[in-house]
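>>> Fold the stuff below for me.
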Amino acid sequence: MSSYRRAFIPGGCWFFTVNLLDRRQAPLTDQIEILRDAVAATRHSHPFGIDAFVVLPDYLHAIWRLPTGDADFSVRWRLIKARFAKALPANERLSAVRVARNERGIWQRRFWEHLIRDEADYARHVEYCYFNPVKHGHVSNVRDWPYSSFHRDVRAGLFPEDWGGDFKIAGEFGERA
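Residues are numbered from 1 along each chain as shown. Sure, this is the predicted structure:
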């Protein structure tokens, strides 16, 4: 079994990539209200701040800040995944292992996380979140993707509405090449 090392920094800020098991499906955007409800319910029971969030059809990226003294982002992802999966009809194909464990076949079991190190690292990851739908050909302009906290940040004056025109981002963000 793999041994994962995670940085648990109470009150820290993290970037996440969370993937569906079947990357050919699109329930995240097709069922966006269910996902929003799962996130809201989890934030109510286990508070955290959302600095950036972008939902694509088969995965999502997020930047979270946890409360002072709290480093348990794993329980929050477990709750979000479980709440989302429970709200969907159980019609996905399941492996024998998932059947034996009484698991749904919606999400990949793990997620990728990166502890934000400094302001430059933070800015690079926020920009990566917002530019991702353009990078993958879902839209031509960042402002055209509806499933993103970019719009909230435009309203707050943090980004101009036309941000991301001729933009390239390099780095490791937990995605397949």
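>>> C-alpha from now on. contacts and neighbour counts both.
Fine.
>>> I'd guessed Gly12 sits against Leu66; true?
Yes - at 5.8 Å, Gly12 and Leu66 qualify as touching, with contact defined as C-alpha atoms under 8 Å.
>>> Residues contacting the longest helix anywhere in the chain, please?
Looking across the chain with DSSP state H, the single longest helix is helix 119-135. Residues outside helix 119-135 that contact it (C-alpha atoms under 8 Å, 6 or more residues apart in numbering) are 15, 51-54, 56, 61-63, 116, 139-142, 145, 148-150, 164, 169, 173.
>>> Tell me which helix or strand comes right after the helix-or-strand element of the chain with minimal mean pLDDT.
Ranking every helix and strand in the chain by mean pLDDT, DSSP states H and E puts helix 96-100 at the bottom, with a mean of 72. Later in the chain than helix 96-100, the nearest helix or strand by DSSP states H and E is strand 112-115.
>>> packing partners for that following strand?
Here strand 112-115 touches strand 13-19, going by 3 or more C-alpha pairs under 8 Å, 6 or more residues apart in numbering; DSSP states H and E.
>>> What is the distance between the helix or strand just after the strand it packs on and the centre of its chain?
For strand 13-19, the following helix or strand on the C-terminal side (DSSP H and E) is helix 27-30. Relative to the centre of its chain, helix 27-30 is centred 13 Å away, using C-alpha atoms, centre = their mean, to the nearest Å.
>>> and helix 27-30, average pLDDT?
On average, the pLDDT along helix 27-30 is 94.
>>> Only the buried residues of the next helix or strand after it, if you could.
Remark: after helix 27-30, the chain's next helix or strand is helix 32-45, criterion DSSP H and E. Within helix 32-45, the residues that qualify as buried are 32, 34-35, 38-39, 42-43, counting by 16 or more other C-alpha atoms under 10 Å.
>>> Closest one to Ala87 out of those residues, please.
Nearest to Ala87 out of the buried residues of helix 32-45 is Ile34 (C-alpha to C-alpha; 6.9 Å).
>>> distance of that closest one from Thr17?
19 Å (C-alpha to C-alpha, to the nearest Å).
>>> repeat for Gln25
17 Å.
>>> Ala87 too?
21 Å.
>>> Those two - which one has more neighbours?
The neighbour comparison of Ala87 against Thr17 (other C-alpha atoms under 10 Å) goes to Thr17, with 19 against 13.
>>> right, and that one touches Gln108 too?
No - counting by C-alpha under 8 Å, Gln108 is not a contact partner of Thr17; they are 10.8 Å apart.
>>> Can you list the low-confidence ranges for the protein?
1-4, 98-99, 166-177 (pLDDT under 70).
>>> re the thing from before, may I see the buried residues of helix 32-45 organised as TSV, with distance to Pro133 added?
Putting those into TSV (distance: C-alpha to C-alpha, whole Å) gives the following:
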residue	distance to Pro133
Ile32	15
Ile34	20
Leu35	18
Ala38	22
Val39	20
Thr42	25
Arg43	25
